[in-house]
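In: With the sequence up front, the predicted model follows.
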Amino acid sequence: MFKLGRGKDVVSNCTEVLDIDEELVEALIQRGEARLLIEDWKGVVADLKPTVEKSPQDTHIHEALMRAERSLKLSERKDWHKILGASKTEF
């Protein structure tokens, strides 16, 4: 489903599963990975942080969380080039 570019559908489906059983770690992981695809950085961090705590030995989840936290931080920065309408290559 991820390869088809249907990240929002995966997020929705995983949310329905988690409404039934909020302890399903695999559903949290799948929803977190789907949120990575749709660049919902806050959602990824919210999903993967408790998952890392439940499975600290899983380096894949830990790396995904670190990427999401880094991307969230970058997304919160102001892009002055865009705000000012200037090209990044102009001086």
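Out: That came through, no problem.
In: pLDDT score assigned to the residue nearest to residue 81 when sequence neighbours are not counted?
Out: In space, residue 81 comes closest to residue 88 once its chain neighbours are excluded; the distance is 4.9 Å by Cβ to Cβ, 6 or more residues apart in numbering. (Each C-beta comes from the backbone N, C-alpha and C, glycine too.) With respect to pLDDT, residue 88 scores 71.
In: backbone phi and psi for residue 88, please?
Out: In terms of degrees, to the nearest 10, the main-chain angles of residue 88 are phi -70, psi -20.
In: Surely it and residue 80 touch.
Out: No. With contact defined as Cβ atoms under 8 Å, residue 88 does not count as touching residue 80 (9.8 Å).
In: who's in contact with the most centrally placed residue in the chain?
Out: In the chain, the centroid-proximal residue (Cα atoms, centre = their mean) is residue 44; its distance is 2.9 Å. Under the criterion of Cβ atoms under 8 Å, 6 or more residues apart in numbering, the contact list for residue 44 reads 32, 35-36, 64-65, 68, 71-72.
In: For ChimeraX, write the selection for the buried entries among those residues.
Out: Applied in ChimeraX, the following selects the buried portion of the contacts of residue 44 according to 16 or more other Cβ atoms under 10 Å:
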select :32,35,36,64,65,68,72
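In: Closest one to residue 49 out of the contacts of residue 44, please.
Out: Within the set of the contacts of residue 44, residue 65 lies nearest residue 49; the separation is 6.4 Å, counting by Cβ to Cβ.
In: Identify the residue spatially nearest to the closest one, adjacent ones excluded.
Out: Once flanking residues are discounted, residue 65 sits nearest to residue 48: 4.1 Å by Cβ to Cβ, 6+ apart.
In: Just give me the neighbour total for the one you found.
Out: For residue 48, the neighbour count with other Cβ atoms under 10 Å is 26.
In: for residue 82, helix, strand, or coil?
Out: Reducing the assignment to helix, strand or coil with DSSP: H, G, I helix; E, B strand; the rest coil, the entry for residue 82 is helix.
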